[in-house]
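A.B. asks: Following is a predicted model, sequence given first.
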Amino acid sequence: MLSFCFLLAGAQSGTTNIMADPQEPIEGENVTLTPATVPANSISCRWYQGTDPGKNLILIYYLPPLTWQTTGPGFTGRETGNSDCSLRITDLKTSDSGVYTLEMERPGALEMGTADIVVSEVVSKPTLSISSNPFPREHKDSLQLTCNTRATRANVIWLLNGKPVGSSSRIQFSNHNRTLAIQQVLRRDDGNYQCQVFNKMSDGLYVPVIYGPDPPAIVPSKNAYYEHSDIKLFCVADAFPGVRYTWFFNGKSCGSGAELALRDVSRAQSGNYTCQAINLLSRNTASAALEILVACE
């Protein structure tokens, strides 16, 4: 990132534009700050960090025919001046971010300019970790995920199934967005989580939310049949993971599985048929009942 501002230092002062190459420097790389023009008869180029000329002097480069350089307290050994009044900084650190000011002195006049550079961190691929139950139960458990990154100024973005995760009364971010906490998970929180740090994306971490069974449905809902009919009843309940179905006739077990088949029924088979669904992981249950009447033909 690069922004410019210009300073005016009296009636005999001018301003110049300073360009950075590259415009978005990264730590470990180099950057060169170059003024757009160097006034004729310029004597020296004075570079310092910040906007106060009395502080953080980096160097003064004297132009031909003198061509020599003196350094100040802001010099780190990584800065070099040049005859075009440019400043080259090598092996950039994030601490090099900030405003740099150039003063170009010539007889009776001073030309100035500033450049603001931001040195971005080198970011490796982040990783995800989970510090809560990896199989949270709907309405009961919480979920906590951490985006692990060494970036100290990380801008962390969370995604669920490729879409940004926003904060709410249930969903909170902490530790500079590195931690995602979801209270009392819902089934819509199920899915593939990722975190993004700058332009680096973590691998996905799939978090299944254990829910259900919801109240089952018995189909068909028809409840009157003639003797010697064949009856097929189906039980359906929404849940994750799958459910086990058990059928009861007047309170006694009469079958298992989603389908109950009754063949050549008699009047003695009139009564209450109940389907019970049990979540195989949470062991939660839900039931539905159908009263069936078998009549004479």
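C.D. replies: Yep, it's here. Numbering: from 1, shown residues only.

A.B. asks: for the stretch 1-150 of the chain, which spans come out with low pLDDT?
C.D. replies: Residues of the stretch 1-150 of the chain that meet the criterion pLDDT under 70 lie in 1-13.

A.B. asks: just so I have it, where are all the strands in the stretch 101-250 of the chain?
C.D. replies: Counting by DSSP state E, counting those that start in this stretch, the stretch 101-250 of the chain has strands at residues 109-117, 127-130, 143-148, 156-160, 163-164, 171-174, 179-182, 191-197, 200-201, 205-207, 217-219, 224-226, 231-236, 243-249.

A.B. asks: Mind checking these for the one nearest to residue 89?
C.D. replies: Closest to residue 89 of the strands of the stretch 101-250 of the chain is strand 109-117 (CB to CB; 8.8 Å). In this view, the C-beta of every residue, glycine as well, is placed from N, C-alpha and C.

A.B. asks: Turn the strands of the stretch 101-250 of the chain into TSV, including mean neighbour count and distance to residue 275.
C.D. replies: Formatted as TSV, the strands of the stretch 101-250 of the chain follow (neighbours: other CB atoms under 10 Å; distance: least, CB to CB, whole Å):
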stretch	mean neighbour count	distance to residue 275
strand 109-117	20	69
strand 127-130	14	35
strand 143-148	19	32
strand 156-160	19	34
strand 163-164	9	37
strand 171-174	14	36
strand 179-182	20	33
strand 191-197	20	30
strand 200-201	14	45
strand 205-207	16	30
strand 217-219	15	6
strand 224-226	13	17
strand 231-236	17	4
strand 243-249	19	6
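
A.B. asks: want to throw the ones you listed into TSV with distance to residue 67?
C.D. replies: Shown next, in TSV, are those (distance: least, CB to CB, whole Å):
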stretch	distance to residue 67
strand 109-117	20
strand 127-130	52
strand 143-148	51
strand 156-160	49
strand 163-164	55
strand 171-174	55
strand 179-182	55
strand 191-197	45
strand 200-201	44
strand 205-207	59
strand 217-219	90
strand 224-226	108
strand 231-236	87
strand 243-249	85
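
A.B. asks: closest to residue 72 out of the ones you listed?
C.D. replies: Nearest of the strands of the stretch 101-250 of the chain (CB to CB): strand 109-117, 16.9 Å.

A.B. asks: Who are the packing partners of the closest one?
C.D. replies: Helices and strands touching strand 109-117, as assessed by 3 or more CB pairs under 8 Å, 6 or more residues apart in numbering; DSSP states H and E, comprise strand 2-5, strand 13-15, strand 18-21, strand 31-35, strand 98-106.

A.B. asks: Quickly run through the sheet partners of it, with directions.
C.D. replies: strand 2-5 (antiparallel), strand 13-15 (parallel), strand 98-106 (antiparallel) (DSSP bridges).

A.B. asks: contacting residues for the residue nearest to residue 120 when sequence neighbours are not counted?
C.D. replies: Counting by CB to CB, 6 or more residues apart in numbering, residue 26 is the residue found nearest to residue 120 once chain neighbours are left out, at 5.0 Å. Counting by CB atoms under 8 Å, 6 or more residues apart in numbering, residue 26 makes contact with 92, 119, 120, 121, 122.

A.B. asks: Around the residue lying closest to the fourth one once chain neighbours are set aside, how many other residues sit close by?
C.D. replies: Right, residue 121. Leaving aside its sequence neighbours, residue 121 sits nearest to residue 151 (CB to CB, 6+ apart; 4.9 Å). Here the number of neighbours of residue 151 (other CB atoms under 10 Å) works out to 20.
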